[in-house]
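Asks: Everything below, folded, please.
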Amino acid sequence: MDFEKICQKVMTLDPKMRSARVINNRGHIVAGGMKKGMTSLEDEKQDEMMFMEIALRVRMRHEFDKEFGPVRFSLSYRAKVIIYSFPMSDENVLLVSSSREADFGKISFKIMKILGKPA
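Replies: As a prediction, the model looks like this:
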């Protein structure tokens with residue numbers, strides 16, 4: 001998989017997209033970044049902490065795969081931003097953010113199509 005291409009495709013889905021990154025299972029950025037002209041809502045150190053926390057949360061969700069099936073994506077609708085996470089493998093997660101005005105239902109399933117994942 002060309003992670004940079006995936007991130008670029010995701011960024012073009014909607015003008016309200018803020019970022020698309022692939023992070024590994026330890027929260028380190030593998031590809032992608034912020035949309036040009038967009039600034040992060042937190043500083044770089046907070047970014048690192050958030051990426052590590054999301055990577056841990058994605059790994060922990062595997063505990064319930066037997067009962068509920070694998071997680072396709074998770075969404076966090078916050079006061080200032082929407083954060084989406086899409087497990088890509090045991091090693092990588094696609095982490096996306098958009099403004100709150102974005103249609104997260106449509107965007108989420110378009111991203112799953114880009115990743116070649118069933119709904």
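Asks: Please count neighbours and contacts with C-alpha atoms only from this point.
Replies: Fine.
Asks: Next, the residue nearest to the spatial centre of the chain: phi, psi?
Replies: Central residue of the chain (C-alpha atoms, centre = their mean): Leu95, 1.8 Å from the mean position. Backbone torsions of Leu95, given as degrees, to the nearest 10, read phi -110, psi 120.
Asks: just Lys113 next, same as before
Replies: Per degrees, to the nearest 10, the backbone of Lys113 is at phi -60, psi -40.
Asks: Next: Ala79.
Replies: When read as degrees, to the nearest 10, the backbone of Ala79 gives phi -60, psi -30.
Asks: now do the one 4 residues further on
Replies: Taking degrees, to the nearest 10, you get phi -120, psi 130 for the backbone angles of Ile83.
Asks: show me the contacts for it.
Replies: Residues near Ile83 by C-alpha atoms under 8 Å, 6 or more residues apart in numbering: 75-77, 95-98.
Asks: Quick check: the two most widely separated of the residues you listed?
Replies: Tyr77 and Leu95 (13.7 Å; C-alpha to C-alpha).
Asks: The chain: strands as residue ranges?
Replies: Ranges of strands in the chain, per DSSP state E, are 17-24, 29-34, 74-77, 82-87, 92-98.
Asks: Name the surrounding residues that touch the shortest one.
Replies: Outside of strand 74-77, the residues within contact range by C-alpha under 8 Å, 6+ apart are 82-86, 100.
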